[in-house]
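*Asks:* can you look at this prediction? I've put the sequence above it.
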Amino acid sequence: MKKIISTADAPAAVGPYSQAVRVGSTIYCAGQIPLDPKSGQIVSGGIDVQTRRVLDNVTAVLKAEGLTFENIVKTTIFLTDLGDFQTVNEVYGSYFNQAPPARSTVQVSALPKGANVEIEVIAVADEGTRGKTVGDTSG
């Protein structure tokens, strides 16, 4: 059973997709770009500021399902310039206190709305985490 996850604390989708989808205990989060959730505009500032905004957007989507960065098992980072990798890596690392997830990083020619960074994540909920599937009767 598929559950759509949506929160006003993260930017609204800019196309025909969901912020995240939960299937069983797995949460697939759509890629987040550095959009301010209130204005819907790319935040101003360098790649460090943009990366923080992206990760804060990811935080909001996960929080809507009662999850944190500890639940993330895989991330994919899309950059328009791999020259930004070191800065993105430093900011990214500050969000993972222990046991970071598997990760891929790729350079792309362009991202939506002219963003310089996009990050998508896959998270797995622990048993008992909010948002159980309908068939779960464990209480």
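*Replies:* Yep, it's here.
*Asks:* in a helix, Q86, correct?
*Replies:* Yes: looking at Q86 with DSSP: H, G, I helix; E, B strand; the rest coil, it is inside a helix.
*Asks:* how much space between it and Q32?
*Replies:* Here the distance between Q86 and Q32 works out to 21 Å (Cβ to Cβ, to the nearest Å). In this view, the C-beta of every residue, glycine as well, is placed from N, C-alpha and C.
*Asks:* neighbour count winner among those two?
*Replies:* When Q86 and Q32 are compared for neighbours, Q32 comes out ahead with 25 against 9, by other Cβ atoms under 10 Å.
*Asks:* how about that one: what's its closest non-neighbour residue?
*Replies:* Closest residue to Q32 apart from its sequence neighbours, by Cβ to Cβ, 6 or more residues apart in numbering: N57 at 4.1 Å.
*Asks:* now the strands for the chain?
*Replies:* Taking DSSP state E as the criterion, the chain contains strands spanning 2-5, 20-23, 26-32, 72-79, 102-107, 117-124.
*Asks:* and the second one, what does it pack onto?
*Replies:* Spelled out, it's strand 20-23. strand 2-5, strand 26-32 (3 or more Cβ pairs under 8 Å, 6 or more residues apart in numbering; DSSP states H and E).
*Asks:* and those, which is most packed in?
*Replies:* Here the criterion is mean neighbour count by mean count of other Cβ atoms under 10 Å, and of the helices and strands packed on strand 20-23 the winner is strand 26-32, at a mean of 21.
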